[in-house]
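[1] The following block contains a protein sequence and its predicted model.
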Protein chains: 2
Amino acid sequence: MQFGSGSKVPTISAEDRDRLTARYAPLAAAVRDLIDASLRTEADGAVVDDACAQVRAVTEALRAGGLSDAPGMRYVTGEPPTPWGNTVVGLRNPIAPPLAIRRDDDGRYRTDFHLGAPYEGPPGLVHGGVSALVLDHLLGEAASDGMTRPLYTGTITVKYLRGTPLGALRGEAWTHHREGVKTIARGHLCDAQGVTVEAEGVFILPAWARDPAPAGER
Amino acid sequence: MQFGSGSKVPTISAEDRDRLTARYAPLAAAVRDLIDASLRTEADGAVVDDACAQVRAVTEALRAGGLSDAPGMRYVTGEPPTPWGNTVVGLRNPIAPPLAIRRDDDGRYRTDFHLGAPYEGPPGLVHGGVSALVLDHLLGEAASDGMTRPLYTGTITVKYLRGTPLGALRGEAWTHHREGVKTIARGHLCDAQGVTVEAEGVFILPAWARDPAPAGER
C-alpha cells in the first residue's frame, strides 16, 4: 500500500464523493451478485448464451458513458483518500468483498466480512492468497493509522495455521512498534473457532515524507 | 493451496469438463469485461440505474438455473484437478484474471498476464495484496509440480522492491529445494523494467499423504 504521491489522483468535494458513491456503489453490488451467480450457475446453454448477450449489452452501455482512466481513488480535502476502486475495500469495485474496516477503542483495526465462492482456493476454503491480500490491506490500514500516514509495504510474512473456511470471518490488525522510518504491524484472520492465518508486515515511510534536513544541511 | 483431501469434490469426465468449460467460460469472460466497465464508467444516473436492473435480471435468470454449492474444482480421472472456480486461475471465476500458468523446459513455472483497474491499490499500481495473491498461487503451482503433489502453504514472505504498475506482467516461480516434508519455492513478478516483487514460500506435505509406517509398526 502506498498513497499520497499521485498527482494523477483527482480531488473532489465530499458532496460529489457522496453523490457519486450513491450512484455507482449499487452497480458494483449488483455486479458482485452476478459474479457469484455466474460462477455457481448450473443453467443450460440457452440461458447462459442469453446471459452473455445481456451482460455484453450492459457493458457496452456503460462504456458508452465514458471510462475513467483513474477510477481508483479520490482525494477529498482534509480527509483520508477515498479508495473507491480498491481491490479490497473499494465500494465501486465489484471484486472487492468490500471490507469495511473500523478502528476500535483499543486502537486495533477490525473488519467483519464474508467471503463466498469467488474467493475459493481449495474446496470450501478461502484461497491462501486471498487471506494474504486481505491481511496486506488490513495491516497497511493499521500501520498507516487509517491511511493518515503515508507508507509503503516493505515485506509481509503470512503464516497459515489451518485452512480458512469460506463464510463469515473477522480480521484484526495493530501497530506492533515503530522504529525510525519502519512500522511493524501484525494481524490475523479468524473464523468462529479462532485464528486461521497470522501476518506480520514491515511498512516504510517514503523518502518524500521524511523530515527534511535542516536548511543549512541541504 | 491444498487439494486432494476433498470427498466433496465431484469427479467428471474430460469430455464433460470440456463441454461445460465451453458453456460457462465465455460467461465469466463477459462478466470480467463488465467488472471493468462498471468500475470505470462515468455514465449518468439513468444509464446506471438501467444497468443495475439488467444485471439483477441476468443474476436472477442464472440463479433460477440452479446454483452449485461446489463450483470450485472438478476431478478428472488421471489428470490434475481442474480448478474451475479458483480465484487466480479459474476459467469460470470472473474475478480471476485468469492466469494461464505454463511449465517451461527449464522446469520453471511462468505466466504472462494483464492486470487492469479492478486490481488497483495505490493509483496506477497493482494492490500489494494482489501481488501476494498471484505469487502465493504461482509458488504453490511450482512447489506442487503443477498440482501433481498434494501440499499446503505453511508460510509465504513477500518482499516489495518497488510498485508494480497495472498492465502487462510476468510471474515466475520454481522449487528452490525439498527437505523432508517441506518444499521451499521462490518466485517473482516483473514488468518490462524488471523484478518488482519477490516471494519465498514454505509448503508442507499433508500428514495423510506421507509414507505410511510399515504394517508391523502401525
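    Okay, I see it.

[2] name the helices or strands packed onto the lengthiest helix in chain A?
    Longest helix in chain A, counting residues (DSSP state H): helix A:14-40. Contacting helix A:14-40 under the criterion 3 or more CB pairs under 8 Å, 6 or more residues apart in numbering or on different chains; DSSP states H and E are the following elements: helix B:14-40, helix B:45-64. C-betas here are computed from N, CA, C, even on glycine.

[3] what's the angle between it and helix B:14-40?
    Calculated by axes from the mean of the first three to the mean of the last three CA atoms, to 10 degrees, helix A:14-40 forms an angle of 170 degrees with helix B:14-40.

[4] Report the angle between helix A:14-40 and helix B:45-64.
    Helix A:14-40 and helix B:45-64 are oriented at 20 degrees to each other (the same axes, to 10 degrees).

[5] Could you tell me which residues within helix A:14-40 count as buried?
    Using 16 or more other CB atoms under 10 Å in any protein chain shown as the burial criterion, the residues of helix A:14-40 that qualify are A:17, A:20-21, A:23-40.

[6] mean confidence for that helix?
    Summarised as a single mean, pLDDT over helix A:14-40 is 96.

[7] swap in stretch A:115-131?
    Mean pLDDT, stretch A:115-131: 96.

[8] just stretch A:160-167 next, same as before
    97.

[9] Span of it from start to end?
    Start-to-end span of stretch A:160-167 (CA to CA, to the nearest Å) is 17 Å.

[10] Equivalent analysis for stretch A:72-91, please.
    10 Å.

[11] so does it get close to chain B?
    Yes - judged by CB under 8 Å from any CB of the partner chain, stretch A:72-91 and chain B are in contact via A:72, A:73, A:85, A:86, A:87, A:88, A:90.

[12] tell me which residues in that stretch are buried?
    A:72-76, A:80-91.

[13] What is the distance between the longest helix of chain A and the centre of its chain?
    Counting by CA atoms, centre = their mean, to the nearest Å, helix A:14-40 is centred 15 Å from the centre of its parent chain.

[14] Please apply the same query to stretch A:178-196.
    Per CA atoms, centre = their mean, the centroid offset for stretch A:178-196 relative to its chain is 16 Å.

[15] So what would you say the end-to-end distance of it is?
    With CA to CA as the measure, stretch A:178-196 spans 26 Å from end to end.

[16] could you check whether it is close to chain B?
    No - Stretch A:178-196 does not reach chain B (CB under 8 Å from any CB); its nearest approach is 12.0 Å.

[17] pLDDT of that stretch, averaged?
    97.

[18] in it, what's buried?
    Within stretch A:178-196, the residues that qualify as buried are A:183, A:184, A:185, A:186, A:187, A:188, A:189, A:191, A:195, A:196, counting by 16+ other CB under 10 Å.

[19] host element of the first one?
    With secondary structure defined by DSSP states H and E, residue A:183 is part of strand A:182-191.

[20] what lines up beside the following helix or strand past that strand in the sheet?
    Using DSSP H and E, the helix or strand that follows strand A:182-191 in sequence is strand A:194-204. Next to strand A:194-204 in the sheet, as set by DSSP bridges, lie strand A:152-160 (antiparallel), strand A:182-191 (antiparallel).

[21] Nearest to residue B:63, out of these?
    Residue B:63 sits nearest to strand A:182-191 of all the strands paired with strand A:194-204, at 26.3 Å, using CB to CB.

[22] Take the closest one, keep the C-alpha atoms, and write them as PDB.
    Only the C-alpha atoms of strand A:182-191 are listed here, as PDB (Å, rounded to 0.1, in the frame of the first residue of the first chain):
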ATOM      1  CA  LYS A 182       9.800   1.500   9.800                       C
ATOM      2  CA  THR A 183       6.400   0.500  11.200                       C
ATOM      3  CA  ILE A 184       5.800  -3.100  12.100                       C
ATOM      4  CA  ALA A 185       2.200  -4.200  12.000                       C
ATOM      5  CA  ARG A 186       0.700  -7.600  13.000                       C
ATOM      6  CA  GLY A 187      -2.700  -9.200  12.500                       C
ATOM      7  CA  HIS A 188      -4.700 -12.300  11.800                       C
ATOM      8  CA  LEU A 189      -7.900 -13.700  10.400                       C
ATOM      9  CA  CYS A 190     -10.300 -15.800  12.400                       C
ATOM     10  CA  ASP A 191     -13.300 -17.900  12.000                       C
END
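
[23] per-residue confidence at residue A:147?
    86.

[24] Direction included, what does the strand ranked longest in chain A pair against?
    Secondary structure of chain A read by DSSP state E shows that its longest strand is strand A:167-179. In the sheet, strand A:167-179 lines up against strand A:109-115 (antiparallel), strand A:182-191 (antiparallel) (DSSP bridges).

[25] Now distance to residue A:102 too, for the ones you listed, in TSV please.
    Below are those laid out as TSV (distance: least, CB to CB, whole Å):
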stretch	distance to residue A:102
strand A:109-115	6
strand A:182-191	14
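
[26] among those, which is nearest residue B:54?
    Once the strands paired with strand A:167-179 are compared by CB to CB, strand A:109-115 is nearest, at 25.2 Å.

[27] picking up where we left off before, using neighbour counts, pick out the buried residues of the longest strand of chain A.
    By 16+ other CB under 10 Å, the buried positions in strand A:167-179 come out as A:169, A:171, A:172, A:173, A:174, A:175, A:176.

[28] Quick check: the fourth one touching residue A:141?
    Yes - counting by CB atoms under 8 Å, residue A:141 is a contact partner of residue A:173 at 6.7 Å.

[29] list the residues that contact both of those two?
    By CB atoms under 8 Å, 6 or more residues apart in numbering or on different chains, residue A:173 and residue A:141 have these common neighbours: residue A:109.

[30] And the residue nearest the centre of chain A?
    Centroid check for chain A by CA atoms, centre = their mean gives residue A:88 as the closest residue, at 2.0 Å.

[31] Spit out the contact partners of that residue.
    Residue A:88 neighbours (CB under 8 Å, 6+ apart): A:96, A:97, A:98, A:99, A:133, A:134, A:137, B:121, B:127, B:129.

[32] ok, now residue A:151?
    So residue A:151 contacts A:1, A:2, A:140, A:143, A:144, A:183, A:203, A:204, A:205, A:206 (CB under 8 Å, 6+ apart).

[33] Great, nothing more from me.
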